[in-house]
Structures are given as structure tokens and as C-alpha cells.
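A.B. asks: Here is a sequence together with a model predicted from it:
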Amino acid sequence: MSAGNLMQQKDLSQRVPHRVLDRVLTMELARVTERAAVAAARLRGHGDEKAADQAAVDAMRSELNMLPIDGRVVIGEGERDEAPMLYIGEEVGTKNGPAVDIALDPLEGTTICAKNLPNSLAVIAMAERGNMLYAPDVYMDKIAIGPGYPDGTIDLTDPPAENLARVADAKGVKVSELTACIMDRPRHAKLIEEVRATGAAIRLIGDGDVAGVIHTTDPLQTGIDIYLGIGGAPEGVLAAAALRCTGGQMQGRLILNTLEKVARARRMGVDDENRIYDMADMASGDVLFAATGVTDGNMLSGVRFMREAIVTHTVVMRSSSRTIREIKATHKDMEKFG
């Protein structure tokens with residue numbers, strides 16, 4: 001593997017029929033997030049969010065344009081007038097390959113990276129054209145759990161206490177043994193109060209919405225059983241792509257509380273302002289997902305700069321085969337990363 005040595009692999013897959021997305025693209029996506037993560041990691045702890053984000057964007061865009069795909073960004077850094085690179089609608093790739101939609105966040109957790117705090121990631125997801133939700137850059141109310149639960153365990157329209165009770169019952173534990181992940185924001189004061197009233201524990205996070213949802217996929221490692229609360233809609237699509245690959249459950253509802261937001265959503269094809277999207281509504285078909293740690297986190301280690309090498313830790317997933325691979329790569333060709 002030219003990007004480094006595959007040192008650890010968790011392969012949960014069996015052979016599956018040929019699909020439009022070649023399995024080789026799964027490993028290519030790892031290279032995309034690796035390069036973005038390394039670029040951002042050079043600026044972690046420097047206190048400059050914009051510089052770190054721009055470095056990750058530039059690196060990810062360069063790598064994407066080398067992929068044999070006809071790619072279109074559906075979740076990016078913003079709309080064209082707001083983002084000079086990797087904007088929604090931007091075309092990437094060599095055009096010699098499958099037509100795909102791409103959701104990305106070159107630096108998930110810009111504040112986290114700037115402060116060198118846990119769980120900053122470089123993230124990307126890919127699906128066949130037309131299989132990802134065009135989510136406007138607005139808030140989304142979300143609920144998510146990992147794999148292993150009966151269908152319908154969670155319902156965004158129900159109070160937190162009812163969702164927690166069903167998760168606890170399905171898991172065979174008391175509600176007091178559950179931990180919910182919630183972003184530490186003033187808007188969540190009532191939610192936090194309601195969750196604590198059930199006896200469940202809460203892990204508050206300052207940033208890193210995608211990572212927060214993904215943590216539900218492996219409660220034994222992360223200690224997170226359920227994600228609750230309001231975060232970015234684009235991040236919701238990315239998180240849904242990851243959960244599609246692991247078999248979790250997720251629901252989201254766009255918060256369109258101004259006429260401007262309603263108009264923006266309609267321009268992107270959203271015709272039902274109150275619709276509750278499930279995981280497959282946000283990312284359907286054959287989905288590929290990759291994330292590389294920028295800073296150390298619960299699931300992924302951050303980039304390590306050695307004297308003669310760079311070490312990265314990446315997870316790559318595919319929904320059609322339910323394959324999850326962890327890649328610890330040692331990159332000897334340091335010039336590639338600038």
C-alpha cells in the first residue's frame with residue numbers, strides 16, 4: 001500500500017457482487033483524509049482555526065482531483081459564494097470513473113484542532129450519484145445510536161426519557177448505566193436537564209458533531225450509547241453515512257426557523273420543512289466513508305510527526321459489505337505531505 005504499511009485491519013466483510021463503487025476507492029479515500037489530516041495537524045495547537053481549516057481544504061481538494069471519479073460535492077465548506085474551495089456543487093476528480101456524490105469536512109472540529117483538544121478529524125463520505133441528501137448549512141435536530149438495536153428503538157419525536165428507556169431495555173441495562181453525548185451549548189440546557197432527570201450520564205462535547213455521533217458505533221471503546229441534540233445539518237449527513245456502514249440508527253430534522261433558511265432549503269430540493277429524515281434518507285445506496293484523526297481521540301489517534309516518517313490512524317468503511325478497517329499507516333515519503 002503506497003500510503004503506508006497496513007498494520008491493523010478489522011475486516012467484517014464477506015464477498016459481495018460487483019458494484020459501481022470499486023472497492024479500491026475505499027482505500028483511495030483513506031489517502032484523501034490522511035493528507036487533509038496531516039496538513040491540519042501541522043497547525044494544531046496554534047490557535048488559528050481558519051489557517052488550519054484552509055490547509056486541510058487545500059490538501060483534500062488536491063488529493064480528490066487525482067481520483068478516477070466524476071465527483072460532485074453535495075456537502076462541503078459552504079455554498080459557492082461563501083467557499084472558494086470544496087463548495088457545494090464543485091466538481092472534483094479526473095472525470096474518468098463513476099459519477100458520485102461527496103460529503104466532506106476537511107477539518108471536523110476546527111476549534112478543537114486550534115486548541116489541540118481531542119477528537120478533531122478529517123472526514124469524507126462518497127455514494128453513487130443522487131444518493132446523498134443536499135443538506136443546507138442550517139441546524140439539524142438529531143438522535144443516533146450504534147448497531148445491535150431493534151429497528152425503531154429511537155424516535156426523534158419522543159421525549160429523551162422515552163428514547164433512553166427503550167435503549168436501556170434493548171441493551172438489558174438500567175437507564176442510569178447509559179451515557180448520552182450532547183454538545184455543550186446553551187440551546188441544550190433543557191435537554192441536558194431532561195436527560196439527567198432520568199439518571200443517565202452525559203458527556204458534554206464542545207465541538208466535533210460528526211465524531212460525537214460516530215462514537216455511538218462502539219460504546220465499549222467510547223463509552224457513548226446515544227447522541228442527542230442540535231448540530232449542523234451537513235455534519236448530520238456525514239454522520240449518517242458512517243452509521244450506514246456500521247448498522248446504527250439515526251434520525252434528523254432540519255431546523256428551518258427563518259424565511260431565508262426555508263428558501264435556501266427549497267433551492268436545494270427540500271420541499272417538506274418538517275420532514276424527519278432517517279439514515280437512509282441522508283445517505284443511501286453503496287456508501288464509502290473515511291476519517292483520519294487530526295488530534296488524539298476516543299476512536300482514532302492523531303497524526304504523529306516522527307524524524308523520518310509521519311504516522312496516521314484512519315478508519316474506512318463500506319455499507320454494502322459492512323467492512324470496517326482501521327489503518328495505521330507509516331508514511332516515509334514526507335515530501336508528499338509538504
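C.D. replies: Great, that's in hand.

A.B. asks: So what's the residue count around R129?
C.D. replies: 15 (other C-beta atoms under 10 Å). Heads up, the C-betas are built off the backbone N, CA and C, glycines and all.

A.B. asks: so what's it up against?
C.D. replies: 72, 98-101 (C-beta atoms under 8 Å, 6 or more residues apart in numbering).

A.B. asks: Which two among those residues are spaced furthest apart?
C.D. replies: Across those, no pair lies farther apart than R72 and P98, at 11.4 Å, counting by C-beta to C-beta.

A.B. asks: just checking, what packs against the longest helix along the chain?
C.D. replies: For the chain, the longest helix by residue count, based on DSSP state H, is helix 24-41. Contact partners of helix 24-41 among helices and strands, from 3 or more C-beta pairs under 8 Å, 6 or more residues apart in numbering; DSSP states H and E: helix 49-64, strand 99-108, strand 121-128, strand 287-293, strand 310-318, strand 323-331.

A.B. asks: C-terminal to the third one, which secondary structure element comes first?
C.D. replies: If I follow you right, that is strand 121-128. Remark: after strand 121-128, the chain's next helix or strand is strand 139-145, criterion DSSP states H and E.

A.B. asks: The fourth one now?
C.D. replies: Heading C-terminal from strand 287-293, the first helix or strand you meet, by DSSP H and E, is strand 304-305.

A.B. asks: Now do the contacts for the residue nearest to V57 when sequence neighbours are not counted.
C.D. replies: The spatially closest residue to V57, leaving aside those adjacent along the chain, is P106, at 4.7 Å (C-beta to C-beta, 6 or more residues apart in numbering). Taking C-beta under 8 Å, 6+ apart as the contact definition, P106 lies against 36, 40, 53, 56-57, 59-60, 77, 86, 122-123.

A.B. asks: G231 now?
C.D. replies: G231 neighbours (C-beta under 8 Å, 6+ apart): 139-140, 142, 183, 209, 212.

A.B. asks: sorry, back to before: for the longest helix of the chain, which positions count as buried?
C.D. replies: 25-41 (16 or more other C-beta atoms under 10 Å).

A.B. asks: Could you do stretch 191-210 as well?
C.D. replies: Those would be 191-192, 194-195, 198, 200-203, 205, 207-210, for stretch 191-210 by 16+ other C-beta under 10 Å.
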